[in-house]
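# next comes the sequence, and after it the predicted model I'd like to discuss.
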Amino acid sequence: MSSLLEVRDLTVMYRGRGRRKDKVALEGVSVSLNEGETLGLVGESGSGKSTLGNTVLGLVRPERGRIGFDGNDIAGLTGAARRKLSTQIQAVFQDPYTSFNPHRTIEQSMGETLANSPPMSRRETRARVLAMLERVGLDSTALSKFPAQFSGGQRQRISIARALLPEPRLVVCDESVSALDLSVQAQILNLLLELQRERGVAYLFITHDLSVVRHMSTRIAVLEHGKLIEQGDAAGVTDEPSQPYTRRLISASLSADAELQRDRRSTRRAMTLLAADATGDRSKLADEVLRTLEHQAVTEVFAQLVPQSRALALPLSRGLAGVADVDGVTALRAAVLELAPRTAEAMTPAAMLTFVQEARARKCSALFSRGQSGMLYGLIRDLAVAIETGDRARALELVGSFDEPLEPSPHPNGARAGEHTIESQA
Amino acid sequence: MSAVIEGAAIKEQSRRAAERGAGFLPRLVRQPIVVACSLVLLVIVLACVFAQWVSPYEPLEQDLQNTAAGPSASHLLGTDQLGRDILSRMLHGGQVTLLGIVQAVAVCAVIGLFLGLTAGTLGGWVETVAMRLCDLLLAVPGLVMLLVILGIYGNNEAAAMITLGVIMAPTLARVVYSATIAVREELYVASARVAGLTSFQIMRRHILAGVTGPALTQISIVAAVACIAEAGIGFLGLGVAPPAPSWGNLVTDAQNVMPISAWMLVPTGGIIAVVTLSLTLLGNGIRDAYMGRSSGSSKAFSWRALAVKVSQAESPAGGGAAPQGQEPILSVKGMTVGLPRGSSEVTIVDDVSFHVAPGEAVAIVGESGCGKSVTISGVLRVLPMGAHVTAASISFKGTELTSLSEREMNAYRGTGIGFISQEPISSLNPAFTVGHQLEEAVRLHRGVGKGQARQIARELMARVRLPEPEAVAKKYPHELSGGMAQRIAIARALAGEPELLIADEPTTALDVSVQCEILDLLRDLREQTGMALILVTHDWGVVAEACDRALVMYAGQVVESADVQSIIAHPAHPYTRALLQSSSVGIAPRQLLPVIAGTVPAPGYWPHGCRFASRCELAEDACRTGPIPMVTLEESSAARCIRTDVDELVRT
Ligand SMILES: Nc1ncnc2c1ncn2[C@@H]1O[C@H](COP(=O)(O)OP(=O)(O)OP(=O)(O)O)[C@@H](O)[C@H]1O
Ligand code: SF4
Ligand SMILES: [Mg+2]
């Protein structure tokens, strides 16, 4: 499959007016999109997502770079040549309330997109508009109505109908569902997916909502301050992001899992405390960060579609094979954070990572020196089992008990710890 | 910059006007004043234009028997000191005056529209040059220029009126310019460009429509000014030379006969007053029609006359889970909110009961249009005029809010109860720096002096973790990012040290990382101050992140209430369950999401039985027979559904 859209080294500047300085909105960005696929574009506000979309649409003139569409460079096209492309490249914008002229009927607004299609009679135009409206779930009464007479979701359906009317090959969806509430959002996303399957249209899907982009995209590109940071297939970017910025975006996105939220929050907090505290007892704070991270890793893994304990397999097998030294124990414990690589240890800023590693090493050597490393193996093996069997409560209980024996306890080799020791040696 | 803000405001209002349905023209002709003024002007213009035929005498014809006479059968409006018929002179004089007005308006309109539209549509250097030109013209003292021109060209009316048109053009140009750039930024203009329309087509179809209203308003003002100016010129003897009449000359004549008869001043002055007034009122009417107010209609008067009506219902209906443990800080029992629609009233929020314990965070969840915002507006009593709130009880810290007067209520807003809205930037006044607005709020709520207010304001900014508070304080709202603006809005809400903060979709407009920071901030503030929170949202992630308990609303009613953990894990109401499922979590990428078919029934169209029945998979006949009561499920949870038992089975 050849690339439908091939953006190379795109640089866009907004010229400052008066006292305002020039602003580089995009710098050397290259992305590509195949026919019939979806490229998700994510990034914080002001990262240049919309600018990229608008440049592809010809609304913004690039400073440098190439926008290949179907093999031709369309970056510098203006006037009639650019207008001709309107049958091929269309857009669905964010705000369903302002993307229609309030003074024009739906038929008039929709007919607009056929301006550059081969001329057709009024009747033909009307028939095509109507067919498209019916496809998105509206009927002929919509034709003569004004935008104000529709709800946000209906208007977004009409936007989509308008964009797809000239049968374009690429549709730029700039935050097309961000202004809609969740249930309507789901309806619109379904409509977009269905239309893509039916017509093989490609989407440049711009949004700041990671769960939406993950659901819709085949590929994802991440922008930060006008630069492309990361690009790859959707699952790769969201499950195993390579860049801290992407990870930050992912961990900031909310999930309806209250426990996961709480864990992410306590991790964020513990890290903030550790970062802010330059003088106090850092080792204690670092212990706290380690604890919250481990707990979060477990909730994160349960938030995935199919929770898996793969990361634990190798260090566990080494331990069970009898190579239990301090390093082995430490590696085993580090593996817990690898359970959900997209949000656990990989999330930790580099400066904090050393503290976390030190805390872990300290705790593990303490365990080792007390001869309790076998117990840790047992706990972590049980953890692996709990994850594989989907027993979330048990997993959380286990991850919370790693350091319990470290507390001064009258029975250092209490029943529970002893039991694990025996198991792990068995 | 001010032009931009003004433009944005116009745009916003015009959009809202259009939302209300009817077009510009229907709204215009619905105003009796507009119709009356147009008729008056039309009659005057026609009479003047056809003066040759309709006037009873020639303008210079003298009736020496009747000099300086009052109205009579032969001279309807009397005669002047030379016995000339005043009515005839007025009609003929009107030709001169009206021609003058037309000249001034035409010149002004051509220059103003051209400068404004080209500057607004083309942008770039054209914009800069055109706007500089306007500044330059505005700086010229108009009256002096007019007198100079009259000095050079003698009694040349046309020269004077054209000059007047030029002098007034920059103001019109500015109005047109700001309206144009406001429209230019509209998404529908971007859509039109994407659709492949040419600049000319875009200008004709989209931009002119947005510019017409403000431009017509300004033009009617220009005409009114031109009318007065023409009369002034005539009065000073600088216009057409007597004995040819013009309205200005007639006033001079009237002044001359004052010692003998004061009557002549009435018709001659009167016609100028009537024309000027009509033009001004017409201008107002056009503006109102454009902005969506139809001040002339009888409905509008009643709209203004009625404030929010609050009444206490008979007795608590017994609905709503009874608060256990602590005394709630806010307790709402059986609140119903009606808004005026046409001549009747439509219920938006129907018998809602809930409570908030001190320090508790309660989410109000539901699709848009379910009445979430109106519910909190009802509590705060910040509703459109004519709204009607009925409640058995709305009590805040033991005070019954329903029995408070509007003034007493004011003391609670901001002080006891803080409020932040979805669009932080539009909740701030664009004309003042944010620091100033924050200080104002502090002074208002804490009754402290200027210096202290300033200090408290800075402390508040530090508390909401604004970096460089000093620098931010000097900024205007439009210079802030969404996150910063929301922090300022929160700081302002905290100015009164509220014990309850109500936040309407505080993070919907923000992107994920900023949303996360704002929610963290709200949580920290709650922990520091023990403040309770009501948070309106449609995002379950926000609910899980920030709240302890959730109320789910559907079609004006609370349909489920439970603590957040359990509502997410075990939703009891089919609607709650459907809402939770429509998130993409747990669905394989690029597969269709489960959706709730259909839409929320609009207020006024609620069915008699369960309001969710048309979209509910479990609906059965019993659901449709009558209103569904709230069923208590566990000690703190309740759902408005008769099949909650079945749901348990279906869920798995
Ligand atoms: N017309 C303009 N003039 C000057 N600067 C602009 C203009 N439009 C955008 N910018 C700036 O360019 C940068 C990128 O903007 P863009 O709107 O493309 O970002 P975005 O990722 O789409 O943000 P959001 O999520 O808020 O829509 C921002 O810093 C913005 O301030
Ligand atoms: S009462 Fe009936 S229709 Fe209503 S939500 Fe329950 S099951 Fe569905
Ligand atoms: Mg954007």
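Everything's here; your move. Numbering: from 1, shown residues only, chains lettered A, B, ... in the order given. Ligands and ions are numbered 1, 2, ... in the order given.

# for stretch B:430-439, which positions count as buried?
Neighbour counts over stretch B:430-439 (16 or more other CB atoms under 10 Å in any protein chain shown) mark B:P430, B:T433, B:V434, B:G435, B:H436, B:Q437, B:L438, B:E439 as buried. Every C-beta, even on glycine, is put in place using the N, C-alpha and C of the backbone.

# for stretch B:507-521, give me every contacting residue.
Contact partners of stretch B:507-521, identified using CB atoms under 8 Å, 6 or more residues apart in numbering or on different chains, comprise A:44-45, A:208-210, A:248-249, A:252-254, A:265, A:268, B:422-424, B:464-465, B:481-483, B:486-487, B:490, B:506, B:537-539, B:542, B:545-546.

# in PyMOL, how would I select just the buried ones from those residues?
Per 16+ other CB under 10 Å, the buried members of the contacts of stretch B:507-521 correspond to this PyMOL selection:
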select buried, (chain A and resi 44+45+208+209+210+248+249+252+253+254+265+268) or (chain B and resi 422+424+464+481+482+483+486+487+490+506+537+538+539+542+545+546)
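
# and the contacts of stretch B:507-521, which of them are in helices?
Per DSSP state H, helices hold the following members of those: A:210, A:248-249, A:252, A:265, A:268, B:482-483, B:486-487, B:490, B:542, B:545-546.

# now pLDDT and distance to ligand 1 too, for these, in CSV please.
Below are these laid out as CSV (pLDDT from 0 to 100; distance: CB to the nearest ligand atom, whole Å):
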residue, pLDDT, distance to ligand 1
A:L210, 83, 13
A:R248, 78, 15
A:L249, 81, 12
A:A252, 76, 14
A:R265, 82, 24
A:R268, 80, 22
B:G482, 79, 7
B:G483, 81, 11
B:Q486, 85, 14
B:R487, 87, 17
B:I490, 89, 20
B:V542, 89, 18
B:E545, 87, 21
B:A546, 91, 22
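
# would you mind measuring from B:T632 to B:A638?
Distance, B:T632 to B:A638, by CB to CB, to the nearest Å: 5 Å.

# so for these two, which residue has more residues nearby?
B:A638 (25 against 13; other CB atoms under 10 Å in any protein chain shown).

# ok, that one touching B:I628?
No. Contact criterion CB atoms under 8 Å: B:A638 and B:I628 do not qualify, at 11.7 Å.

# so where's chain A uncertain?
Residue ranges of chain A with pLDDT under 70: A:1, A:16-20, A:278, A:320-324, A:341-348, A:405-426.

# closest point of it to ligand 2, which residue?
Per CB to the nearest ligand atom, A:S183 is where chain A lies closest to ligand 2, at 14.9 Å.

# before we move on, back to that, show me the two of the buried residues of stretch B:430-439 that sit farthest apart.
Using CB to CB, the buried residues of stretch B:430-439 reach their maximum pairwise distance at B:P430 and B:E439, which is 16.9 Å.

# still on that earlier bit, residues contacting the residue of chain A closest to ligand 2?
Applying CB under 8 Å, 6+ apart, the residues near A:S183 are B:E367, B:A578, B:L579, B:S582, B:V595, B:I596.

# and the first one, that one's in a strand?
No. With DSSP: H, G, I helix; E, B strand; the rest coil as the criterion, B:E367 is located in coil rather than a strand.

# number of nearby residues for it?
Neighbours around B:E367, by other CB under 10 Å: 23.

# measure it to ligand 1 for me?
Per CB to the nearest ligand atom, to the nearest Å, B:E367 is found 24 Å from ligand 1.

# I'd say that residue and B:H538 touch.
Yes. Using CB under 8 Å, B:E367 is in contact with B:H538, at 6.5 Å.

# which neighbours do the two share?
In contact with both B:E367 and B:H538: A:D181, A:L182, using CB under 8 Å, 6+ apart.

# poorly predicted segments of chain B, please.
By pLDDT under 70, the low-scoring segments of chain B are B:1-23, B:291-308, B:314-325, B:584-586, B:646-652.

# can you list the residues of it near ligand 2?
For chain B, the contact set with ligand 2 under CB under 6 Å from any ligand atom comprises B:P574, B:C610, B:F612, B:A613, B:C616, B:L618, B:A619, B:C623, B:I628, B:C641, B:I642, B:R643.

# any of those residues buried? List them.
Those of the residues of chain B next to ligand 2 that meet the buried threshold are B:P574, B:C610, B:F612, B:A613, B:C616, B:L618, B:A619, B:C623, B:I628, B:C641, B:I642, B:R643, by 16+ other CB under 10 Å.

# which residues does the second one contact?
Residues near B:C610 by CB under 8 Å, 6+ apart: B:C616, B:A619, B:C623, B:R624, B:I628, B:R640, B:C641, B:I642.

# the second one contacts B:A613, correct?
Yes. Counting by CB under 8 Å, a contact exists between B:A619 and B:A613, whose distance comes to 4.4 Å.

# reformat the contacts of A:S183 as JSON lines; add secondary structure.
Formatted as JSON lines, the contacts of A:S183 follow (three-state DSSP):
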{"residue": "B:E367", "secondary structure": "coil"}
{"residue": "B:A578", "secondary structure": "helix"}
{"residue": "B:L579", "secondary structure": "helix"}
{"residue": "B:S582", "secondary structure": "coil"}
{"residue": "B:V595", "secondary structure": "coil"}
{"residue": "B:I596", "secondary structure": "coil"}
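
# for ligand 1, what's its nearest residue on the stretch 51-200 of chain A.
Residue of the stretch 51-200 of chain A nearest ligand 1, by CB to the nearest ligand atom: A:T51 (3.3 Å).

# helix or strand for that residue, which one?
Using DSSP states H and E, A:T51 falls within helix A:49-56.

# please save the CA atoms from that helix in CSV.
Taking C-alpha atoms only, helix A:49-56 is exported to CSV below (Å, rounded to 0.1, in the frame of the first residue of the first chain):
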residue,chain,number,x,y,z
LYS,A,49,-1.6,19.4,16.0
SER,A,50,-4.2,21.7,14.5
THR,A,51,-1.5,23.6,12.6
LEU,A,52,-0.5,20.4,10.9
GLY,A,53,-4.1,19.6,10.0
ASN,A,54,-4.7,23.1,8.7
THR,A,55,-1.5,23.0,6.6
VAL,A,56,-2.7,19.8,5.0
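
# got the residues of the stretch 251-400 of chain A near chain B?
For the stretch 251-400 of chain A, the residues in contact with chain B (CB under 8 Å from any CB of the partner chain) are A:252-259, A:261, A:265, A:268, A:303, A:305.

# chain B: which of those is nearest?
Nearest to chain B among those is A:L254, at 2.6 Å by CB to the nearest CB.

# kindly reformat the buried residues of stretch B:430-439 as a markdown table containing distance to B:P601 and secondary structure.
A markdown table is the format used below for the buried residues of stretch B:430-439 (distance: CB to CB, whole Å; DSSP: H, G, I helix; E, B strand; the rest coil):
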| residue | distance to B:P601 | secondary structure |
| --- | --- | --- |
| B:P430 | 38 | coil |
| B:T433 | 45 | coil |
| B:V434 | 41 | helix |
| B:G435 | 46 | helix |
| B:H436 | 45 | helix |
| B:Q437 | 40 | helix |
| B:L438 | 42 | helix |
| B:E439 | 46 | helix |
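
# following the longest helix anywhere in chain B, which helix or strand comes up?
In chain B, assigned by DSSP H, the helix with the most residues is helix B:86-122. Using DSSP H and E, the helix or strand that follows helix B:86-122 towards the C-terminus is helix B:124-139.

# helix or strand right after that next one?
Next in sequence after helix B:124-139, counting helices and strands by DSSP H and E, comes helix B:142-153.

# that next one packs against which elements?
Applying 3 or more CB pairs under 8 Å, 6 or more residues apart in numbering or on different chains; DSSP states H and E, we find helix B:142-153 packed against helix B:157-184, helix B:208-235.
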